[in-house]
Each structure stands twice: as structure tokens, then as C-alpha cells.
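Asker: Provided below for reference: sequence and predicted model.
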Amino acid sequence: MYLSKTPEIVKPLASDFLWSFPRDTKDIYLTFDDGPTPQITGEILETLDQFNAKATFFCIGGNVASNPGVYREMLRRGHAVGNHTWNHMSGWEYADFSYFRNVLECASIVESNLFRPPYGRIKRSQARTLKKKFSLVMWDVLSGDWDKNITREKCLKNVTGNARGGSIVVLHDSEKAYKNMSYILPRLLEFLSEQGYRFKRIHQAPAERRALTNSALG
């Protein structure tokens with residue numbers, strides 16, 4: 001069960017997470033989770049280029065290790081990257097120490113202080129510690145592209161019907177999501193571009209926060 005639009009009431013309850021940006025802009029922040037994946041991520045990069053769009057890729061460390069050339073290409077084309085743990089670990093299912101170790105293993109290969117918990121599942125104790133080193137990035141629009149029980153058209157509407165200025169939108173550069181994602185991405189870029197929206201990456205926090213060492217995680 002998931003909601004394509006994050007209820008506004010949720011955001012104040014977890015105000016230490018980044019859910020969206022100011023609404024008084026025409027900027028939208030597309031994010032892609034779970035890659036890099038050969039061919040799929042490359043196809044996404046080509047599509048983004050067609051619309052002069054930038055995005056943020058929340059990368060699994062193990063996938064970066066297996067596909068370093070794709071990872072470098074993301075950066076070369078001016079996109080942002082973020083930490084998505086080493087092997088897509090759910091924070092709810094692991095002790096804090098194991099979770100932090102997995103995050104830091106990813107940090108050894110993904111140089112970023114942006115972090116998104118896989119599945120959005122993270123304990124408050126984990127969030128309190130990780131926010132010392134990372135900006136914790138969630139979302140306010142969830143495409144549902146991985147969901148095999150919805151049509152491509154419904155998946156597209158999840159984004160075009162809910163995205164507005166400042167929205168952080170979740171898609172996936174994974175094999176599981178490819179069928180829906182590959183259909184909706186060019187269409188949502190075209191539709192939202194016609195509405196005057198621009199597509200931007202999420203920027204890193206200031207340098208003094210990036211300089212925090214691993215000791216910040218205890």
C-alpha cells in the first residue's frame with residue numbers, strides 16, 4: 001500500500017526530512033532510485049538530455065561498484081547523486097549499527113551527503129544519527145512505476161496529476177520498474193515542460209556539513 005501524493009499532515013511530523021521545496025517556483029525535482037542499471041540508466045540520461053532536464057539519482061552502492069562507467073556518466077552530464085545504502089537495506093528490519101555500516105559502505109563509493117532510505121523505512125533513532133551527516137530526502141509524489149498492478153496510464157497520472165512547483169518525484173532506474181518508467185518519463189517531461197516547469201537536481205548541503213567525518217555516525 002502506498003500513496004502517490006504524500007499527505008501534507010505527514011510532513012510536520014517528520015520535519016527533519018526534506019519532502020519538497022518551496023511552492024512559489026516552477027521547479028520540479030525528479031529522482032531515480034535503485035540504480036545504476038546497465039542500459040536502463042543510460043536510456044534515462046538520454047531522455048533527460050532531450051528536455052534539458054537534470055535529476056538526482058539515489059544509488060545503491062553495490063550497483064555503483066558493478067557499473068562504475070554508468071555512475072561516472074551521471075555525474076559527467078551534470079546530475080546529482082545520493083546514497084541509497086549498499087544493498088537496499090530497510091531500516092525497520094535491522095539494528096542501528098548494521099544499518100549505519102551499510103550506509104557508510106555506500107558512502108565509500110557514492111560521494112554525497114544526500115540520503116534516501118530504501119522503501120522510505122527508517123527508525124527515528126537512525127534518522128537522528130544520519131541527519132548529522134546527511135540531508136534526508138523523501139518525496140511528495142510517488143509514481144508507483146514498480147507496481148505491476150497499475151497501468152502505465154495510471155502511473156503517468158500519479159505524477160502529472162500531483163506534481164507542482166517544488167515537488168520531489170520518485171521514479172526508479174531498475175528492471176522491475178522499467179516497463180512503466182520508460183513509458184511515463186518522456187510523457188511527463190513533455191507534459192510538465194508545456195506547463196512551464198523546469199527540472200532541477202537536488203543540491204548538496206553546504207561544505208561545512210559535507211566535511212563531517214564518519215565519527216558523526218557514532
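Answerer: Now that the structure is in, tell me what you want to look at. Treat the numbers as computed from the prediction; the structure is a model and nothing was measured.
Asker: Tell me where the model's unsure across this structure.
Answerer: The chain contains residues with pLDDT under 70 at 205-218.
Asker: How far off centre is stretch 130-139?
Answerer: The chain centroid and the centroid of stretch 130-139 are separated by 12 Å, computed with C-alpha atoms, centre = their mean, to the nearest Å.
Asker: I should have written stretch 66-78 there, sorry.
Answerer: 16 Å.
Asker: List the buried residues for stretch 92-108?
Answerer: Residues of stretch 92-108 classed as buried by neighbour count (16 or more other C-beta atoms under 10 Å): 94, 96, 99, 100, 102, 103, 104, 105, 106, 107. Quick note: C-beta positions are derived from backbone N, CA and C, even for glycine.
Asker: so residue 192 is in which element?
Answerer: Assigned by DSSP states H and E, residue 192 falls within helix 178-194.
Asker: scratch that, residue 71 is what I was asking about
Answerer: Going by DSSP H and E, residue 71 is in helix 68-76.
Asker: In that helix, which residues are buried?
Answerer: For helix 68-76, by 16+ other C-beta under 10 Å, it's 70, 71, 74.
Asker: tell me which of those residues is nearest to residue 156?
Answerer: residue 74 (23.8 Å; C-beta to C-beta).
Asker: Was I right to think the closest one contacts residue 42?
Answerer: No - assessed by C-beta atoms under 8 Å, residue 74 is found out of contact with residue 42, at 9.6 Å.
Asker: helices or strands up against the helix holding residue 192?
Answerer: helix 40-50, helix 152-160, strand 168-172 (3 or more C-beta pairs under 8 Å, 6 or more residues apart in numbering; DSSP states H and E).
Asker: Report how many residues lie close to residue 123.
Answerer: As a burial measure, residue 123 scores 16 neighbours (other C-beta atoms under 10 Å).
Asker: correct me, but it touches residue 89?
Answerer: No - assessed by C-beta under 8 Å, residue 123 is found out of contact with residue 89, at 12.0 Å.
Asker: any chance of the helices and strands packed on helix 178-194 in JSON lines, with mean neighbour count and distance to residue 27 too?
Answerer: Formatted as JSON lines, these follow (neighbours: other C-beta atoms under 10 Å; distance: least, C-beta to C-beta, whole Å):
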{"stretch": "helix 40-50", "mean neighbour count": "18", "distance to residue 27": "15"}
{"stretch": "helix 152-160", "mean neighbour count": "19", "distance to residue 27": "15"}
{"stretch": "strand 168-172", "mean neighbour count": "24", "distance to residue 27": "10"}
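Asker: Could you dump the ones you listed into CSV with distance to residue 182 added?
Answerer: Formatted as CSV, the helices and strands packed on helix 178-194 follow (distance: least, C-beta to C-beta, whole Å):
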stretch, distance to residue 182
helix 40-50, 7
helix 152-160, 9
strand 168-172, 10
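Asker: Compare the ones you listed and give me the one nearest residue 138.
Answerer: Distance to residue 138, taken as C-beta to C-beta, is lowest for strand 168-172 among the helices and strands packed on helix 178-194, at 7.2 Å.
Asker: Given that closest one, what are its sheet partners and their directions?
Answerer: As defined by DSSP bridges, the strand partners of strand 168-172 come to strand 27-33 (parallel), strand 141-142 (parallel).
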